[in-house]
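Enquirer: Structure for this input, please:
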Amino acid sequence: MSAYRAVKVVVEHHADGYVAYPLGLKGVVVGQGDTYAEALRDVESAIRFHVESFGEEALDPDPESPVLEALVAEAAVQVK
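Expert: Below you'll find the model as predicted:
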């Protein structure tokens, strides 16, 4: 029987579609799509493949400090 793990995912909306990536995984995993739902499905598939390739340990890069919450904020940066 398979177990499910919750993975926090960031989904960005760009002019040409959506890009999604998980937080806190070892390695790089990215999904994309024309819609939010497509990007989310694509990144879920990519996460499954990543875990199949590298093992369940890829989900826990630092078990002592898991990602508890993800926030989006703006920062003012002075440029020349």
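
Enquirer: Name the helix or strand for the nearest residue to Glu57 once chain neighbours are set aside, please.
Expert: The shortest distance from Glu57 to any non-neighbouring residue, by CB to CB, 6 or more residues apart in numbering, is to Lys26 (7.3 Å). The way it works is simple: take the backbone N, C-alpha and C, and place the C-beta from them, glycine included. Using DSSP states H and E, no element contains Lys26; it sits outside every helix and strand.

Enquirer: which residues does Arg5 contact?
Expert: Contacts for Arg5 were tallied using CB atoms under 8 Å, 6 or more residues apart in numbering; they are Leu59.

Enquirer: follow-up on the earlier one: wait, the residue nearest to Glu57 sits on Glu56?
Expert: No - judged on CB atoms under 8 Å, Lys26 makes no contact with Glu56 at a distance of 10.9 Å.

Enquirer: quick one: which of these two has more around it?
Expert: Using other CB atoms under 10 Å, the more surrounded residue of Lys26 and Glu56 is Lys26, with 14 against 10.

Enquirer: now the strands: where do they sit in this protein?
Expert: Ranges of strands within the chain are 9-14, 17-22, 31-33, based on DSSP state E.

Enquirer: Now do the contacts for the residue most central in space within the chain.
Expert: Nearest residue to the geometric centre of the chain (CA atoms, centre = their mean): Pro22, 1.2 Å. Applying CB under 8 Å, 6+ apart to Pro22 gives the contacts Val7, Lys8, Val9, Val10, Val29, Val43, Ile47.

Enquirer: try Tyr36
Expert: By CB under 8 Å, 6+ apart, the contact list for Tyr36 reads Val11, His13, Tyr18.
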